[in-house]
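Engineer: Provided below are the primary sequence and the corresponding predicted coordinates.
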Amino acid sequence: MSTADGTDVTPDGAPDDGGTGTGTAAVAAAPGKDGAANGAAGAPRRSVASRLVGRAGGTVVQVLLVLVALFWLVPTFGLFVESLRSTEDNGAGGWWKIFSHPSQITTSAYSSLLDKPDFVDSFWNTVLITVPATVLVVAIASLAAYAFAWLEFPGRDWLFLIVVALLVVPVQVALLPVAKLYGNIDIGGFKMYGSITGVVLFHVAFGLPFAIFLLRNFFAAIPRDLLEAARMDGGSEWTIFRRVIFPLGGPAIASLGIFQFLWVWNDLLVALVFANTGAQPMTKWLQSQMRQFTGNIDILAPGAFLSLLVPLVVFFAFQRYFVQGVLAGSVK
Amino acid sequence: MKPTHEGVPPAATAGGAAAVTGPAAPRRGARERLTPPSWLALLFLLPALLLLGFLVVYPIVYSVIRSFFDASGGSFVGFDNYTGVFQGHDDLVAVRNTVVWVVVAPTLVTIVGLFFAVLTERIRWATAFKLVVFMPMAISFLASGVIFRLVYQQDPDQGVANAALVAIHDTFKSGTTYPGAGPRTGGDQLVHEQGGAVLGSAPVSAGQTALLPLVKVKPEYLPKDAKPAAQPPAAKAGQVTGTVWFDFTKGGGGEQNKPNAGEAGLPGIKVEALRGGKVVAKATTGKDGTFTLKKVPSGAVTLRLPKGNFTASYGGAEWLGTTLITPAIIGSYLWVWSGFAMVLIAAGLAAIPRDALEAARVDGATEWQVFRRVTIPLLAPVLVVVLVTLVINVLKVFDLVFIIGGGDPNANVLALEMWTKSFGGGNDPGSGSAIAVLLFLLVLPAMLFNIRRLRQERK
């Protein structure tokens, strides 16, 4: 692969990643775009759209967007308030009653939920599934992406094309066969089917196509001179990968890691099929409490809120890093 | 990773060893170093290829084969599992819903995203707005599902969607009704019930007054601003006046069929004057229960309190009922994914060259024409990418339907049906595989689209 090729792919490849990939792709690419769009909006130029709207009247737009923003916030806020009221209060009236009865706020639902060993176990299972699935995808995909970007081997382009083709494969197509495959694996009493390992490997496999695609585009944009200099200095490929590529790929690896984390943390379907009760993550545990929806709001509301709190914190905390990473990949 | 590490040194030493053999060797060594051997690439690729091979590629092949066998896997059934997807009422509902999802959801999300992207260019707090709308992308469909189960609860005192609907409804249409209330019977029999409405028993004509006593008014429906019932005001020429009140004195006592002290007027009741079955005048009672019908033509009319006064008040929509359940779930999907569309389209908008727009304006195009003829075509590639991504995603939609639909067959989609058939008690891996393969076939165009784009980028 030539340098020209590398620089060719990146400007188009990286911003489009979000579009071609799975749902997770969107999460990564989007904040980057957010930054880009804002940057442009700050510039003196005004687009057609803004002029168009300008004539319609700025105030109307402001009011409309405030309403939309409220519309987007209210459902989550409702869940949060619902989780802070007792079962009786929730049964007696909607969460908005909190405005007239602020004394209804109580954390009792949270403390009783955290007293349930099942829930606490499922929280740790979520961590035990998410962290390895994220680390493994990053590690395995960066090795493969390095090979696709900087190593020569026969059939490279074809193989990469296959990886791109696998981007859109729905997980449904693999559920039954992999369940059967896992069912056959029983090593010294360790049964793959139902285990955390099984869930992790499935997530890693389905995270790989997008991860390889994203990282390859990023790695390919690294200046050839840097690599050749390192090779001339006698660095082995492993050293180059570790000392040059991996550190330079930091931003892309960070953004990949964040949305793989979100993707796995939020998964229900894979856990539903491959995790047994001992290995179930929070999503599966909460789902098992859904049968009695209204009767179980005191469990479901705080549980759902706790399960969405971690992704929200991760999302907001790493957002800047994230934006930089995707921008670095797309602008250069 | 370990094997790779150990695998590298031989390559490095090969150059060193070659240096001893002759003058040509160092050059070969240097070149070898710049283009590492292909077996090294294989080591780097090995973990990824193993996982992709066993857990992605092999399953596709297996599913295709499995889909031609029956539930037990013992006998070959040809395309029966595929035709089975389109037979039976419940299966057809799943197919129909999937079609609705694929047609409606991506289009709607893209339009809303475009709308937001255009509007946010106008405001200073665009970043905050984008974060708010984008936020649901970070949380799980399970959590979104729980959130919207709460939003869509039927009881307007529980679900915020119906609470809002009822509030809006009551703002535009007087919400005061008195379910369960009926005419005071006995005594003078001033009123009687007919087909759910309450009719004045004696005809009245312009210039007269009427008393319309009601009973069985439930306290919770009595408005707080209801005042004590008053005698009807004097009727002027062409008018009929009267009082509608709750003919019941707290603690007993009081004369029947007379608005006594302590009896409440019933505000907000619609009163009609009928002649020959046609409404000739209308009025609504005030806080003290009095009403004045104006411009009543001469001659006798019958007073009627229509049925609407006594039916239960508006209780909002049946979000999770048979007809609305799929639109309601698509609504929650819109809430989750609009941020994605908005952010991608906003980036696309920012990248549109200004010259093209200016040129169109110089040529005398209106802003709408510029938007329609220049901006949209220039945005087309982004819009296509957004749409394709959403279609792929919508085909796989499982969690939202599973959680919000709560097993309702009216909400079913193919991705959920695949799970039900295979793992959720359906016990039919043959049909499950067929549905999985169908979903796979449906994303094939998107796969080709991706490959084509990649090839174009390479050229």
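Structural biologist: Structure received.
Engineer: ok but B:Leu439 is inside a helix, no?
Structural biologist: Yes: checked against DSSP: H, G, I helix; E, B strand; the rest coil, B:Leu439 lies within a helix.
Engineer: name the nearest residue to it, ignoring sequence neighbours.
Structural biologist: In space, B:Leu439 comes closest to A:Pro170 once its chain neighbours are excluded; the distance is 4.9 Å by C-beta to C-beta, 6 or more residues apart in numbering or on different chains. Where you see a C-beta, it was placed from the backbone N, CA and C, and this is true even at glycine.
Engineer: give me the number of residues near that neighbour?
Structural biologist: Applying the criterion other C-beta atoms under 10 Å in any protein chain shown, we find 21 residues in the vicinity of A:Pro170.
Engineer: now the strand or helix carrying A:Phe261: average pLDDT?
Structural biologist: Here A:Phe261, judged by DSSP states H and E, is contained in helix A:250-266. In this model, helix A:250-266 carries a mean pLDDT of 86.
Engineer: show me what stretch A:92-101 is in contact with.
Structural biologist: Defining contact as C-beta atoms under 8 Å, 6 or more residues apart in numbering or on different chains, one finds that stretch A:92-101 is touched by A:78, A:81-82, A:84-85, A:89, A:104-105, B:150, B:157-160, B:163.
Engineer: now do the same end-to-end measure for that stretch.
Structural biologist: For stretch A:92-101, the separation between the terminal residues is 12 Å (C-alpha to C-alpha, to the nearest Å).
Engineer: got the buried residues for that stretch?
Structural biologist: Neighbour-count burial for stretch A:92-101 flags A:Gly93, A:Gly94, A:Trp95, A:Lys97, A:Ile98 (criterion: 16 or more other C-beta atoms under 10 Å in any protein chain shown).
Engineer: ok, back up a step: regarding the residue nearest to B:Leu439, what is its secondary structure?
Structural biologist: coil.
Engineer: which regions of chain B lie under the pLDDT threshold?
Structural biologist: In the predicted model of chain B, residues B:1-35, B:173-176, B:312-313 satisfy pLDDT under 70.
Engineer: so which residue is dead centre in it?
Structural biologist: B:Gly331 (1.9 Å; C-alpha atoms, centre = their mean).
Engineer: next, that residue: phi, psi?
Structural biologist: Main-chain dihedrals, B:Gly331, degrees, to the nearest 10: phi -60, psi -40.
Engineer: A:Ala275 now?
Structural biologist: As for A:Ala275, its main-chain torsions (degrees, to the nearest 10) stand at phi -100, psi 130.
Engineer: B:Lys250: how many residues sit nearby?
Structural biologist: Number of residues near B:Lys250 (other C-beta under 10 Å) recorded here: 10.
Engineer: ok but it is inside a helix, no?
Structural biologist: No: B:Lys250 sits outside any helix when classified using three-state DSSP, being coil.
Engineer: which SS state does the closest residue to it other than its chain neighbours fall under?
Structural biologist: Of all residues beyond its chain neighbours, the one nearest B:Lys250 is B:Gly262 (6.2 Å), with distances taken as C-beta to C-beta, 6+ apart. Under the three-state scheme (three-state DSSP), B:Gly262 adopts coil.
Engineer: ok, B:Gly262 to B:Trp419 distance?
Structural biologist: 64 Å (C-beta to C-beta, to the nearest Å).
Engineer: can you pick out the residue with more neighbours from these two?
Structural biologist: B:Trp419 (21 against 13).
Engineer: do I have it right that that one meets A:Leu176?
Structural biologist: No: counting by C-beta atoms under 8 Å, B:Trp419 does not reach A:Leu176; the two are 10.1 Å apart.
Engineer: could you pull out the residues contacting both of these two?
Structural biologist: Once C-beta under 8 Å, 6+ apart is applied, the residues that B:Trp419 and A:Leu176 both contact turn out to be B:Gly432.
Engineer: the helix or strand just after the helix holding A:Phe261 packs against which elements?
Structural biologist: Scanning the chain past helix A:250-266 towards its C-terminal end, the next helix or strand to appear is helix A:269-274 (assignment: DSSP H and E). Of the remaining helices and strands, those touching helix A:269-274 by 3 or more C-beta pairs under 8 Å, 6 or more residues apart in numbering or on different chains; DSSP states H and E are helix A:172-183, helix A:196-220, helix A:282-288, helix B:414-422.
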